[in-house]
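# I'd like to go over a predicted model; first the sequence, then the structure.
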Amino acid sequence: MNPKELTLIYVWDAYCGWCYGFSKSLQAFHENHPELALTVLSGGLFVNNKKLPIASFPHIPEANKRISQLTGAEFGAPYQRLLEEGTFVMDSEAAAKGLSALRFFAPERSYYLASSIQHAFYYEGKSLSDPATYREIAIANNLDPEAVLARFGDVASTKDAHADFAKVQQLGVQGYPTLLLQKGDELIGLGGGVMTAEKIENRLRSVIS
């Protein structure tokens with residue numbers, strides 16, 4: 001099959017710890033397949049009535065331990081302090097707007113920008129509702145920080161975030177992280193969770209052979 005007929009869709013949420021854990025596997029797999037375009041869609045894990053202080057989700061510390069054990073992901077001390085303090089509100093809509101603003105200027109680097117967003121939160125303990133976070137990510141990725149911040153504050157990024165949420169619902173994806181292969185009109189699950197790059201690779205081979 002022509003690789004141009006195959007594309008990848010990655011459904012994630014910036015405030016999803018399992019997505020943070022999956023990022024190394026996905027990066028390794030993605031780097032092995034530059035021929036496959038990768039679209040990143042924000043799922044909207046903490047929106048509307050789920051936009052609550054982090055202490056409202058008592059399962060998170062234990063889940064983080066499992067994520068670290070199974071994937072080797074490191075949670076930074078500033079993030080741990082946020083978790084212990086408990087008042088920080090995870091707002092997936094603001095984070096989806098942040099991704100939208102960044103990827104508008106570098107769509108081909110969407111995955112790396114998404115990964116930078118998660119590093120900012122889970123390692124550096126930075127708010128994904130704070131424009132300053134996206135300024136730093138823009139500078140680190142050689143994007144115009146003022147243009148990114150203008151886009152973040154614009155209604156276009158809100159519409160884009162909502163379009164992502166709608167698309168994820170349309171795809172029927174209910175858990176994150178989920179990596180899909182689009183093969184013509186067909187959508188095939190390639191993996192997520194704690195899958196290694198090698199396992200995703202094997203799954204891809206079995207699907208296209």
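All right, it came through fine.

# can you give me the strands for the protein?
Here the chain has its strands, by DSSP state E, at 6-12, 37-42, 178-183, 186-192.

# between those, which one is nearest to residue 172?
strand 186-192 (8.8 Å; CB to CB). No exception for glycine: its C-beta is placed from N, CA and C like everyone else's.

# Need the residues that contact the closest one.
Residues outside strand 186-192 that contact it (CB atoms under 8 Å, 6 or more residues apart in numbering): 8-9, 18, 22, 171, 175-182, 199-200, 203-204, 207.

# tally of neighbours for the closest residue to residue 152 other than its chain neighbours?
Excluding the flanking residues, the one nearest residue 152 by CB to CB, 6 or more residues apart in numbering is residue 101, at 3.9 Å. Look at residue 101: counted by other CB atoms under 10 Å, it has 27 neighbours.

# And residue 56, by the same measure?
Residue 56: 13 neighbours (other CB under 10 Å).

# and the gap between the residue nearest to residue 152 and residue 94?
The gap separating residue 101 from residue 94 is 11 Å, by CB to CB, to the nearest Å.

# between these two, what contacts are shared?
What both residue 101 and residue 94 touch, as defined by CB under 8 Å, 6+ apart, is an empty set.

# thinking again about what came up before, identify whichever of the strands of the chain lies nearest to residue 122.
Closest to residue 122 of those is strand 6-12 (CB to CB; 12.6 Å).

# Can you pull out the residues in contact with that closest one?
Under CB under 8 Å, 6+ apart, the answer for strand 6-12 is 19, 26, 30, 33, 36-43, 111, 114, 168, 171, 173, 176-183, 187, 190, 208.

# show me what contacts residue 94?
When the contact criterion is CB under 8 Å, 6+ apart, the partners of residue 94 are 128, 129.

# what's the answer for residue 161, then?
42, 44, 93, 96, 97, 99, 100.

# Can you tell me which of those residues is closest to residue 163?
Of all the contacts of residue 161, residue 100 has the smallest distance to residue 163: 8.8 Å, by CB to CB.

# For the closest one, report the pLDDT, please.
You'll see residue 100 listed with a pLDDT of 98.

# what residues are up against it?
Residues in contact with residue 100 (CB under 8 Å, 6+ apart) are 42, 151, 156, 157, 160, 161, 164.

# what's the fourth one in contact with, if anything?
In other words, residue 157. 97, 98, 100, 101, 104, 151.

# Same list, these, but as a markdown table with distance to residue 81 please.
Output for the contacts of residue 157, formatted as a markdown table (distance: CB to CB, whole Å):
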| residue | distance to residue 81 |
| --- | --- |
| 97 | 25 |
| 98 | 22 |
| 100 | 28 |
| 101 | 27 |
| 104 | 32 |
| 151 | 30 |
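
# of these, closest to residue 68?
residue 98 (24.7 Å).

# how far does stretch 128-147 sit from the chain's center?
Centroid displacement of stretch 128-147 relative to its chain, using CA atoms, centre = their mean, to the nearest Å, is 16 Å.

# Now that stretch: buried residues?
Within stretch 128-147, the residues scored as buried using 16 or more other CB atoms under 10 Å are 128, 129, 131, 133, 134, 135, 137, 138, 141, 143, 145.
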